[in-house]
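Engineer: I would like the atomic coordinates for the input below:
(chains A and B)
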Amino acid sequence: MSDATHAAPRPKRRTTSAYPSWFYLPAAIIYAVLFLFPTVASLFFSLTRWTLFDATFIGFDNFVQFFREPFLVKGLVNTLIYAVLTSGLKVVLGFLLGVLLTSRIIARGYLRSVLFFPVLVSTVGVGITFTVMMHPTTGVINETLGLFGIKGPGWLTDPNLALFSVALVDVWKGVGLATVIYIAGIVSIPQEYYEASLIDGASAWDNFWNITLPLAKPATVTVIILSLIGGLRSFDLIWAMTKGGPGFTSDVIASVIYKQYQAGFYGLSTAGNVVLFVMVAIIIIPLSGFLNRQGDGQ
Amino acid sequence: MTSKFKGSRLAGLAAGLLLSASFVGTAMAQDVTLSFLVDNTDASTVTVAQALADAFMAKNADIAIELETRPGGGEGDNIVKTRLATGEMADVFLYNAGSLFQAINPQQNLMPLTAEPFEANVIDTFQKTVTAGGDVFGVPFATAMGGGVMYNKKIYADLGLSVPKTWDEFMANNEKIKAAGKVAVIQSFADTWTSQLFVLGDFYNVITAEPDFADKYTNNQAKYATDAAAIKGFERQEAVFKGGYLNEDFAAAKFDDAIRMLATGEGAHYPMLSFAAGSVVSNYPENQADVGFFALPGDDAAKNGLTAWMPSSLYIPKTTEHADQAKAFLAFVASTEGCDVQTKAVGVTGPYLIKDCTLPADVPAVVADLLPYFQRDGGTAPALEFLSPIKGPALEQITVEVGSGIRSAADGAALYDEDVKKQAQQLGIAGW
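Structural biologist: As a prediction, the model looks like this:
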């Protein structure tokens, strides 16, 4: 890009760009070194058997191996479940909380900050705390349930439950952000609509259903996209809480990739990252286009 | 540098020269600080490392050693590999011997120690496990271990049980312990590495049945899923789960919880490496006489024996700037004096692999149970990871699944064979 501007005669270019071309150089260098080079390098290394010390070119064997990985199918399904579940719950809960926290209630500012607080806490810290609380016999959750005579499940140790437990913690931690986006969206809806509907004698339910919900659509699109991407590539919380366990039952793609890396299969894990990149792109790009088109239609 | 190195080495070998040696050291000024990376899997590892460093520093005033700790298991492997690859490794580091040692590309990353005089003190059996391409790269840290079952002697005495010599006797004991309302088998799957003992500790029984298993396994000719002797480890782990012998919180318990249950008599059996005796001694000194050890039993009482583990080793990376001082430290560790420092720090955990090292008369109960296997001819066989460079990295997750009833033994063994294949290919072993 900067080459082209260099080659062109200066006076003519002045009109199209407000800045001299060297002005772009620092950003271009940072972009090339930190983003372009690693992307190209990882594409190369995904085609090699790489020990960190040396790399042997093996073509597409890593991708073949990755898709034969017995845990991969499980990881793929888990990733989708996790992403859809957390994203869906964040939309529903975030929207309801957004409506609540824009209404005239006592201590609104305080409640807003309480709700946002988990977003600010370190994910690993949240993970470790909940791991302790969800301990099957000595955790505070099951001890509380025990007071009422209920025998709580092994939240993180039951293979059928572990992924959902982590997803719920993810929602607890992330719903604050979704709510803030919804609050901004709801507040920006002009008051005139509500005044008009008041004159028409509409109920609160009608207001909610016909004004707030449709006009908060841009916020919904943002929340869905952000939380879906977050869910698809989520790793830190799962790793802190279950390490993909028990066994492989709560593995997601990112944790499968990490385990390959940990085991020293560097080429294979790089190939996994390329697969993850492609998968996120395939899901998000059409979805984003679809949702935004719908948003424009309103 | 050279004269100072000689000074400190002399100090390491002859205590009488201590004074003059440290004078040389200080006269040459320029003190050196060695970094020393150890894992914190077990509290006693750090205690021993610190004791060795302190004793060495007391003799070598010009060399300071700073201890750095890292996690164990897969996460630790990753740290070691990454730091070696980036040239950021500590001057001396502790890491496994055997197959994991082969996976860190020793000829490229580590300083060969073949010609060092202190290697003459190291017992051959150990040297073989830290040899690559004809060069020796390490010295043993701590003692040889056994992989088997640690058990609570009080429960055994109360219920009138005797140490099982066959698997059937072991299961019969489990049944009686369960009937008495105690936990028969303790598992701690929150620390996934602890789940592998039923498979890895069964290797004495495998190799007794098939003496050439290790070679066939390395050459892609023997598989866990199809080998009648090898699959038994997985099947037995499954049988223990199905018998309902496990502690209620087996999936959430950690290594430290398991040690507590075992030492205080909440549970009777804990399949573990005997190094865990160190944790019993340091955390539950009043209970240490209650904890004993026996080898994982096989089918035949006449062929009962122990799967032995070599201890981890100390290595020097090629990137170190203080090679002479690092070697002086290794020489100290590989001396009888080094053994004595370790014994003083955590007691005896097993037989040393340094020539002429002696053990005190009163040893912890686990070690007293362990030593006879080593003293008997053919009483031990090395674990597979010391006979073959290949160990699949996902075994700990697979054994968690088999041990918690998520996956069947046959399925787990087949999955592990896939994992082994991947590792063999990564290591570039011929025939895969």
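Engineer: Now do the residue most central in space within chain A against A:Ala83, distance only.
Structural biologist: The centre of chain A sits closest to A:Gly230, judged by CA atoms, centre = their mean, with a distance of 0.8 Å. Distance, A:Gly230 to A:Ala83, by CB to CB, to the nearest Å: 8 Å. Every C-beta, even on glycine, is put in place using the N, C-alpha and C of the backbone.
Engineer: try A:Arg112
Structural biologist: Counting by CB to CB, the gap from A:Arg112 to A:Ala83 is 27 Å.
Engineer: which one of the two has more residues nearby?
Structural biologist: Using other CB atoms under 10 Å in any protein chain shown as the criterion, A:Arg112 and A:Ala83 rank with A:Ala83 on top: 22 against 19.
Engineer: Now do stretch B:39-56, average pLDDT.
Structural biologist: Stretch B:39-56 shows a mean pLDDT of 89.
Engineer: Show me which residues of it are buried.
Structural biologist: Judged by neighbour count (16 or more other CB atoms under 10 Å in any protein chain shown), stretch B:39-56 contains these buried residues: B:Asp39, B:Thr41, B:Asp42, B:Ser44, B:Thr45, B:Val48, B:Ala49, B:Ala51, B:Leu52, B:Ala53, B:Ala55, B:Phe56.
Engineer: Just the closest of the residues you listed to chain A, please.
Structural biologist: B:Asp39 (14.6 Å; CB to the nearest CB).
Engineer: Quick check: that closest one touching B:Arg70?
Structural biologist: Yes - contact between B:Asp39 and B:Arg70 holds when scored by CB atoms under 8 Å: they sit 5.5 Å apart.
Engineer: Return the backbone torsion pair for B:Phe275.
Structural biologist: Here is the backbone geometry of B:Phe275 (degrees, to the nearest 10): phi -60, psi -20.
Engineer: oh sorry, the question was meant for B:Lys81
Structural biologist: phi -60, psi -40.
Engineer: Hmm, it is touching A:Gln262, no?
Structural biologist: No - look at B:Lys81 against A:Gln262 with CB under 8 Å: they stay out of range, at 9.1 Å.
Engineer: ok now the host helix or strand of A:Val92, how far from the chain's centre?
Structural biologist: Using DSSP states H and E, the element containing A:Val92 is helix A:70-102. Centroid separation for helix A:70-102 versus its chain: 9 Å, with CA atoms, centre = their mean, to the nearest Å.
Engineer: Just the buried positions in the very next helix or strand once past that helix, please.
Structural biologist: Proceeding N to C from helix A:70-102, the next assigned helix or strand is helix A:108-120, under DSSP H and E. Of the residues in helix A:108-120, A:Arg112, A:Leu115, A:Phe116, A:Pro118 count as buried by neighbour count, 16+ other CB under 10 Å.
Engineer: what do you get for stretch B:210-222?
Structural biologist: Here stretch B:210-222 shows B:Glu210, B:Phe213, B:Ala214, B:Tyr217, B:Thr218, B:Asn220, B:Ala222 as buried, counting by 16+ other CB under 10 Å.
Engineer: The fourth one contacts B:Lys391, correct?
Structural biologist: No - the pair formed by B:Tyr217 and B:Lys391 falls short of the contact definition of CB under 8 Å, at 10.3 Å.
Engineer: what residues do those two have in common as contacts?
Structural biologist: Overlap of the contact sets of B:Tyr217 and B:Lys391 (by CB atoms under 8 Å, 6 or more residues apart in numbering or on different chains) consists of B:Leu384, B:Val420.
Engineer: from what I can see A:Ile183 touches A:Leu100, true?
Structural biologist: No - between A:Ile183 and A:Leu100 there is no contact under CB under 8 Å: 9.8 Å.
Engineer: Compare neighbour counts for these two and give me the winner.
Structural biologist: A:Ile183 (22 against 15).
Engineer: How far off centre is the helix or strand hosting that one?
Structural biologist: Using DSSP H and E, A:Ile183 maps to helix A:162-187. Its chain's average C-alpha position is 11 Å from that of helix A:162-187, according to CA atoms, centre = their mean.
Engineer: Can it be said to contact chain B?
Structural biologist: No - between helix A:162-187 and chain B, judged by CB under 8 Å from any CB of the partner chain, nothing touches; the nearest distance is 9.3 Å.
Engineer: of all the residues in the stretch 1-150 of chain A, which ones are close to chain B?
Structural biologist: Proximity of the stretch 1-150 of chain A to chain B, by CB under 8 Å from any CB, involves residues A:Arg49, A:Thr51, A:Leu52, A:Phe53, A:Thr56, A:Gln65, A:Pro70, A:His135, A:Pro136, A:Thr137, A:Thr138.
Engineer: which bits of the stretch 151-298 of chain A sit near chain B?
Structural biologist: Neighbours of chain B within the stretch 151-298 of chain A, by CB under 8 Å from any CB: A:154, A:156-159, A:243-249, A:259, A:261-265, A:268.
Engineer: OK, contacts around residue 166?
Structural biologist: Going with chain A. A:Tyr82, A:Leu156, A:Leu237, A:Ile238, A:Met241, A:Thr242, A:Ser250.
Engineer: The chain in question should be chain B.
Structural biologist: B:Pro297, B:Gly298, B:Asp299, B:Asp300, B:Ala301, B:Asn304.
Engineer: can you pull the pLDDT of it?
Structural biologist: At B:Thr166, pLDDT is 95.
Engineer: Tell me how far it lies from chain A.
Structural biologist: 29 Å (CB to the nearest CB, to the nearest Å).
Engineer: Is that residue bridged to anything, and to what?
Structural biologist: Following DSSP bridges, B:Thr166 is listed with bridge partners B:Gly298.
Engineer: Right, I'll leave it there.
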